[in-house]
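> my questions are about this predicted structure, shown below with the sequence.
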Amino acid sequence: MVLSMTGYGKATGSFQGKRVVVEIRSLNSKSLDLNMRAIPLYREIELENRSIVAELLDRGKVELSISLENSGETKNYAINRDLAQAYYNDIKETAELLGESTDDILSMVLRMPEIYSNEKEALSDEESTFVQGLVREACNHLNEFRKQEGDQLRKDFEGNIGRISELLEEVPKYETARIEAVRERMKTGLEKITNISIDLNRLEQEIIFYIEKMDVSEEKMRLSNHLNYFLETMNIPLCGKKLGFITQEIGREINTLGSKSYHVEMQKIVVEMKDHLEKIKEQVLNTL
């Protein structure tokens, strides 16, 4: 199955009045490169979340974000009531002693030092499980996105591989003309040389040896096998790296075919093969 490394996933949910939002994005990478951003409360389960991402996404340059949407139902502070009571009593007694009004004592109390204290919220097991479930859900949504992108990659692969196969089938019709052209060129060159004795038998042996070196039968066979193997490998899960290796082998055979072409039309075929191969290489880089 062909999967793209590019994707996006999002999951949201509410836990005891808090609206938790998990977003995850991925791009192509040779390994898992995870960058995680989370509110302080959820940083203590970073290792667990990293394990989930590694399990479900395998590899890629991944950005994971865990945040809260403010619902107005939660607070991160507490009023020190004992201190507030002490302030209130002191201010009231002082105001009465001085004969001042005691109407607005509460507003004064709320402005006094250390009346508020930060309330550090503890992460419960239930909330930890809830958040990890959202991370898993976001990863699954991202994988759905990867599959959709992968379906398009597969179509592109099949199109480019198919075109290279078609071009390979055109090679044989130029092989005879190619060899004859080389034979004629060698013969013409020798005819221009004067005052030397030529051993025709040796000459024929050299021509045969040269033509054998120009033979591309093995290259055609190996290239055809590599193309078929590429198509078969697309059915294997997480095939991106393997497709990359096969692409390298396809490139070697096309290059060898080009170095042995010695024919204008065959060289044109090789150039077009390379064009389609470059498209495959670019797409393989984004294949999981």
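Sure thing, it's come through. Residues are numbered from 1 along each chain as shown.
> can you name the next helix or strand after the helix or strand bottoming out on mean pLDDT in the chain?
Of the helices and strands making up the chain, the lowest-confidence element is strand 116-118, at a mean of 64, by mean pLDDT, DSSP states H and E. Going down the chain from strand 116-118, the next helix or strand is helix 125-170, by DSSP states H and E.
> average pLDDT across that next one?
The average of the pLDDT scores along helix 125-170 is 96.
> need the next SSE after it, C-terminal direction.
helix 172-191.
> does Gly150 touch Met5 like I think?
No - using Cβ atoms under 8 Å, Gly150 is not in contact with Met5, being 9.3 Å away. The C-beta positions use only the backbone N, C-alpha and C, and glycine is treated the same way.
> who touches both of those two?
287-288 (Cβ atoms under 8 Å, 6 or more residues apart in numbering).
> buried set for the strand or helix carrying Ile24?
Using DSSP H and E, Ile24 sits in strand 18-27. Of the residues in strand 18-27, 18, 20, 22-26 count as buried by neighbour count, 16 or more other Cβ atoms under 10 Å.
> what pairs with it, parallel or antiparallel?
In the sheet, strand 18-27 lines up against strand 7-15 (antiparallel), strand 60-69 (antiparallel) (DSSP bridges).
> tell me the most buried of these?
Among the strands paired with strand 18-27, strand 60-69 has the highest mean neighbour count (mean count of other Cβ atoms under 10 Å), at a mean of 19.
> so where's the protein uncertain?
70-77, 117-120, 190-191, 193-200, 203-204, 206-207 (pLDDT under 70).
> what does the strand holding Ile24 contact?
With Cβ under 8 Å, 6+ apart as the test, strand 18-27 has contacts from 5-14, 53, 57, 60-71, 73-74, 130-131, 134-135, 137-139, 142, 146.
> distance from stretch 265-279 to the middle of the chain?
Computed by Cα atoms, centre = their mean, to the nearest Å, the chain-centroid distance of stretch 265-279 equals 27 Å.
> what's the answer for stretch 162-182, then?
Its chain's average C-alpha position is 37 Å from that of stretch 162-182, according to Cα atoms, centre = their mean.
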